[in-house]
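J.: Task: produce atomic coordinates for the following.
(chains A, B, C and D)
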Protein chains: 2
Amino acid sequence: MSEARDRLLSTASRLFYAEGLHSVGVDRVIAEAQVTRATLYRHFRSKDELVVAYLTQADEAIRARVDAARSEVEDPDDLIRTVGRSIAEDIQGEGFRGCAFLNAAAEYPDPEHVVHQAVLKHRQWFLATMTELFAATGKPDSEFAGRHFVMLRDGAMAAGCLTDPAPVGETFLRGLEGLLTYRSNLGSALS
Amino acid sequence: MSEARDRLLSTASRLFYAEGLHSVGVDRVIAEAQVTRATLYRHFRSKDELVVAYLTQADEAIRARVDAARSEVEDPDDLIRTVGRSIAEDIQGEGFRGCAFLNAAAEYPDPEHVVHQAVLKHRQWFLATMTELFAATGKPDSEFAGRHFVMLRDGAMAAGCLTDPAPVGETFLRGLEGLLTYRSNLGSALS
DNA sequence: TGAGAGACAGAACGATCGTTCTACCTGCAT
DNA sequence: ATGCAGGTAGAACGATCGTTCTGTCTCTCA
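T.: I've put the predicted structure just below:
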């Protein structure tokens, strides 16, 4: 859409992710985006809506990456590994500050709040998607595997910005490999 | 110490944990603790210090629980299971709102900030302690096992307040059992 | 040519933030 | 008896919060 809107959203995303949602006020955003207050409120009804737009953008970026991996990798196990490696790379990347959604949920604990609900929506999609990927391996109990994967991911994302990210990424990938190995010894799903 | 200080700290803990650090102002705290502003600032130099006191109290409570388990359970594997069950119970408990430390880190990303450092201190202790417990099993690679345990815990704590806690707790305990099984098939540590 | 949308500038709103202040009262220890 | 620590009460500080407002200027498209 508008060029000012893009600058607004990308600036807000950068600041929100790096410094937190409540810590960054609209004054900071409009100053660094070089936009006036009126412009912000023309494109976003409120700060909450700006936060939701930030999370929506992050959600779409992740979906796009998973979809890309899906179309590039055929083998179900390798596809899961690809997603896992992508996560491990994120953790090691410059300026990594944890999961944008987990951080947002920590700041907006009220389940009724729009921001909190945006987090839930993303997480529901991600869990369902990972469960699908595990189901595609033909092994049983993909529900548990999906939850296990997400749990490892959440832990890795949370710890990755609190300690040296290298061993965190390594532990995550090794844990994932353990899960895949465990499942490789299972019989095929009956249903 | 003082009776007003206790009321202050317990009220602050309840509000901070339930609603977040930045969302709860000092006005809320003093109102619900039925204490005046001057009383708060007699006992705590600033709000930051009150937050640190809240985290310190939580840290001590967790250390006490681990120490209690340590003196009650002899078998190393069972001791780890006991700590794991304690975490799973927390997640299922009334009013669970995630890990107080992970939530605090999300709100205070600056590594130099006293609150952030209180989080790091607690996590260093916890990781070191769990690594010790795994080392006590006599199996090798306790470093990885400790990191793996903490990663599962972090993921479980993060997800436990975002979805139905029952399957989260189940997944966590099943993942932990998988880790213990994997290690039971390892040879004894050489060093 | 003229209308309307989008961005500009900037003042101002009431509310809340964390913090400091003066002043008075009480209970306990020296 | 005196002093002081710890509590009460309440006003006030400057700063920042998110939001709304009145204007003006500049494009684009009918």
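
J.: For the longest helix seen in chain A, name the packing helices and strands.
T.: Identified as the longest helix of chain A according to DSSP state H is helix A:47-72. Where contact means 3 or more C-beta pairs under 8 Å, 6 or more residues apart in numbering or on different chains; DSSP states H and E, helix A:47-72 is packed against helix A:3-19, helix A:26-33, helix A:76-92, helix A:100-107, helix A:114-135. (C-beta placed from N, C-alpha, C; glycine too.)

J.: Reformat those helices as JSON lines; add mean neighbour count, mean pLDDT and distance to DNA strand D.
T.: Below are these laid out as JSON lines (neighbours: other C-beta atoms under 10 Å in any protein chain shown; pLDDT from 0 to 100; distance: least, C-beta to the nearest atom of the strand, whole Å):
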{"stretch": "helix A:3-19", "mean neighbour count": "17", "mean pLDDT": "91", "distance to DNA strand D": "10"}
{"stretch": "helix A:26-33", "mean neighbour count": "16", "mean pLDDT": "92", "distance to DNA strand D": "4"}
{"stretch": "helix A:76-92", "mean neighbour count": "18", "mean pLDDT": "98", "distance to DNA strand D": "27"}
{"stretch": "helix A:100-107", "mean neighbour count": "24", "mean pLDDT": "98", "distance to DNA strand D": "11"}
{"stretch": "helix A:114-135", "mean neighbour count": "18", "mean pLDDT": "98", "distance to DNA strand D": "11"}
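
J.: Which of those helices sits closest to residue B:47?
T.: Closest of those to residue B:47 is helix A:100-107, at 16.5 Å (criterion: C-beta to C-beta).

J.: so the closest one versus helix A:47-72, what angle?
T.: 150 degrees (axes from the mean of the first three to the mean of the last three C-alpha atoms, to 10 degrees).

J.: check whether helix A:100-107 contacts chain B.
T.: Yes. Part of helix A:100-107 sits near chain B under the criterion C-beta under 8 Å from any C-beta of the partner chain, namely A:102, A:103, A:105, A:106, A:107.

J.: is any part of that helix close to DNA strand C?
T.: No. Judged by C-beta under 7 Å from any atom of the strand, helix A:100-107 and DNA strand C are separated, with a smallest distance of 13.7 Å.

J.: what's the neighbour count on residue A:2?
T.: When counting by other C-beta atoms under 10 Å in any protein chain shown, one arrives at 10 neighbours for residue A:2.

J.: nope, residue A:68 is what I meant
T.: 12.

J.: Provide a list of residues in contact with it.
T.: The contact partners of residue A:68, by C-beta atoms under 8 Å, 6 or more residues apart in numbering or on different chains, come to none.

J.: State the distance from it to chain B.
T.: 25 Å (C-beta to the nearest C-beta, to the nearest Å).

J.: Can you pull the phi and psi angles for the residue most central in space within chain A?
T.: By C-alpha atoms, centre = their mean, chain A has its centre lying nearest to residue A:99, at 5.6 Å. Main-chain torsions, residue A:99, degrees, to the nearest 10: phi -80, psi 120.

J.: Just to check, it is in contact with residue A:156?
T.: No. Using C-beta atoms under 8 Å, residue A:99 is not in contact with residue A:156; the gap is 9.2 Å.

J.: and the residue of chain A nearest DNA strand C?
T.: Residue nearest to DNA strand C within chain A: residue A:2 (2.6 Å; C-beta to the nearest atom of the strand).

J.: Per-residue pLDDT of the residue lying closest to that residue once chain neighbours are set aside, please?
T.: Leaving out its chain neighbours, the residue that sits closest to residue A:2 by C-beta to C-beta, 6 or more residues apart in numbering or on different chains is residue A:43, at 7.0 Å. The per-residue pLDDT reported for residue A:43 equals 90.

J.: residues shared between the contacts of residue A:99 and residue A:156?
T.: If you check residue A:99 and residue A:156 against C-beta under 8 Å, 6+ apart, no residue is contacted by both.

J.: Residues in contact with stretch A:45-65: which ones?
T.: A:8-9, A:12-13, A:16-17, A:21, A:26, A:29, A:40, A:44, A:86, A:100-101, A:104, A:113-115, A:118-119, A:121-122, A:125-126.

J.: again, 6 Å this time
T.: A:9, A:12, A:13, A:16, A:21, A:26, A:44, A:100, A:114, A:115, A:118, A:122 (C-beta atoms under 6 Å, 6 or more residues apart in numbering or on different chains).

J.: same check, this time on stretch A:173-188
T.: With C-beta under 6 Å, 6+ apart, stretch A:173-188 has contacts from A:77, A:84, A:88, A:138, A:139, A:148, A:152, B:148.

J.: returning to what we had before: does any part of the longest helix of chain A sit near DNA strand C?
T.: No. Helix A:47-72 is not in contact with DNA strand C by C-beta under 7 Å from any atom of the strand; minimum separation 11.9 Å.

J.: hang on, the earlier thing: what is the most widely separated pair among the contacts of stretch A:45-65?
T.: A:26 and A:122 (23.7 Å).
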